[in-house]
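J.: This is the structure alone, sequence omitted:
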């Protein structure tokens with residue numbers, strides 16, 4: 001008889017991770033599988049547990065009754081209002097209510113998009129909650145405010161962790177920092193959509209796994225608080241782009257800085273084109289990067305004072321986004337190549353490009369070449385195949 005629920009995992013503490021397929025969730029799953037010996041993590045897919053279905057949440061947690069919940073799930077950044085509200089806000093609140101009923105910690109991953117531009121921003125800072133906010137930051141900010149309300153009025157044991165631009169391996173999607181890396185590797189960023197001196201904070205996803213593991217065992221210190229989990233030193237965006245470009249050995253983006261006004265005009269034109277295409281029945285979306293165009297031109301750095309003053313100690317203080325670049329580039333370029341999302345520069349890429357040009361401009365020449373070179377079977381091959389089998393699978 002196959003055991004079910006928590007009875008199958010009695011020797012370890014059980015935690016539920018929501019959003020295990022993302023960058024943060026993927027790193028956490030890898031961390032607990034490879035490092036922690038006393039904790040088991042379940043990371044149900046959206047097919048097994050939908051944050052948009054309260055009954056799914058109740059049934060799943062009634063079955064497993066975990067010791068803690070970690071919520072890293074987010075709706076796509078360009079989601080419509082309903083999906084953003086139901087996933088980022090209602091989903092988080094439903095999980096928090098389950099944590100309240102079970103009397104367990106709720107670790108909620110939030111984002112620096114709830115903060116305004118500025119330097120050395122603290123955990124008390126946030127954008128004003130207005131109708132003009134984009135769906136993503138609006139829903140994430142509402143979730144933060146409701147968790148604090150539930151903590152103050154009903155005793156919810158929560159910790160909110162705000163992240164800046166996250167870097168690291170185990171990203172099953174292309175988002176955040178990796179969108180920048182992909183754009184440069186794919187050479188789809190011809191010019192510099194930023195200006196010199198723009199600084200941002202960055203968050204290491206592997207260190208975050210250590211932090212979450214640390215705070216789960218120390219609830220008296222970390223309960224009911226918000227932390228900015230970022231590297232101590234912010235990074236200039238221009239310097240980071242040039243470093244990626246240098247290590248990839250690509251020519252773009254060129255050292256030509258597009259003024260913010262011109263970039264805004266280009267964004268407005270793209271929005272107009274997308275609107276027209278949508279009206280005539282062609283599905284189109286504004287590129288996600290353009291939704292955060294302002295962030296490319298304005299600094300946003302987060303204070304890490306509360307983190308430094310806590311009992312948590314950085315396990316690798318010398319690790320930064322720059323020290324991790326070579327490993328990340330190797331990891332993601334290999335992954336994207338295997339997924340056919342990216343062609344790594346080399347002879348194979350040139351060959352495919354030449355074939356594509358022949359296919360476009362001289363298909364008969366290409367077909368003759370393929371017939372003469374790719375489909376010729378030698379006499380030795382024929383004899384070998386006849387001896388090995390009477391049936392040849394082609």
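T.: Right, received. Where do you want to start? Fair warning: this is a prediction, and the values are worked out from it, not measured in the lab. Residues are numbered from 1 along each chain as shown.
J.: any idea how far residue 180 lies from residue 48?
T.: Relative to residue 48, residue 180 is positioned 32 Å away (C-beta to C-beta, to the nearest Å). Backbone N, C-alpha and C define where each C-beta goes, glycine included.
J.: of these two, who's got more company?
T.: Shown here are residue 180 and residue 48; by other C-beta atoms under 10 Å, residue 180 has more neighbours (19 against 10).
J.: Contact partners for residue 327?
T.: Residue 327 makes contact with residue 169 under the criterion C-beta atoms under 8 Å, 6 or more residues apart in numbering.
J.: pretty sure it is in a helix, no?
T.: Yes: under DSSP: H, G, I helix; E, B strand; the rest coil, residue 327 sits within a helix.
J.: Do you know the pLDDT at it?
T.: Looking at residue 327, its pLDDT stands at 89.
J.: same thing with the one 10 residues further on?
T.: Per-residue pLDDT puts residue 337 at 82.
J.: Where does it sit: helix, strand or coil?
T.: Assignment for residue 337 (three-state DSSP): helix.
J.: Name the SS class of the spatially closest residue to residue 52 that is not a sequence neighbour, please.
T.: Using C-beta to C-beta, 6 or more residues apart in numbering and skipping the chain neighbours, the partner closest in space to residue 52 is residue 86 (4.5 Å). Under three-state DSSP, the three-state class of residue 86 is helix.
J.: Run through the residues that contact residue 86.
T.: 51, 52, 75.
J.: do residue 328 as well
T.: Per C-beta under 8 Å, 6+ apart, neighbours of residue 328: 167, 168, 169, 181.
J.: I'd guessed the third one sits against residue 27; true?
T.: Read it as residue 169. Yes: the criterion here is C-beta atoms under 8 Å, and residue 169 meets it with residue 27 at 7.2 Å.
J.: and for these two, which residues touch both?
T.: Residues within reach of residue 169 and of residue 27 at once, by C-beta under 8 Å, 6+ apart, are 205, 206.
J.: higher neighbour count, those two?
T.: A direct count of neighbours by other C-beta under 10 Å for residue 169 and residue 27 places residue 27 higher, at 23 against 18.
J.: how about that one, phi and psi?
T.: In terms of degrees, to the nearest 10, the main-chain angles of residue 27 are phi -70, psi -40.
J.: Helix or strand: which one has residue 127?
T.: Using DSSP states H and E, residue 127 sits within no helix or strand.
J.: And it, what's its pLDDT?
T.: At residue 127, pLDDT is 94.
J.: Show the contacting residues for the closest residue to it other than its chain neighbours.
T.: Leaving aside its chain neighbours, residue 127 sits nearest to residue 116 (5.4 Å; criterion: C-beta to C-beta, 6+ apart). With contacts defined as C-beta under 8 Å, 6+ apart, the neighbours of residue 116 are 125, 126, 127, 300.
J.: Could you do residue 315 as well?
T.: Contacts for residue 315 (C-beta under 8 Å, 6+ apart) come out as 207, 210.
J.: who does residue 71 bridge with?
T.: residue 18, residue 108 (DSSP bridges).
J.: Give the buried residues for the one helix or strand residue 181 maps to.
T.: Using DSSP H and E, residue 181 falls within helix 177-185. By 16 or more other C-beta atoms under 10 Å, the buried positions in helix 177-185 come out as 177, 178, 179, 180, 181, 182, 183, 184, 185.
J.: Kindly report the same for stretch 223-237.
T.: By 16+ other C-beta under 10 Å, the buried positions in stretch 223-237 come out as 223, 225, 226, 227, 228, 229, 230, 231, 234, 235, 237.
J.: With adjacent residues omitted, what lies nearest to residue 228?
T.: For residue 228, ignoring the flanking residues on the chain, the nearest one in space by C-beta to C-beta, 6+ apart is residue 302 at 4.2 Å.
J.: What pLDDT does the model give the one you found?
T.: 96.
J.: Can you verify my assumption that it contacts residue 118?
T.: No: at 9.4 Å, residue 302 and residue 118 do not qualify as touching, with contact defined as C-beta under 8 Å.
J.: Cool, thanks, talk later.
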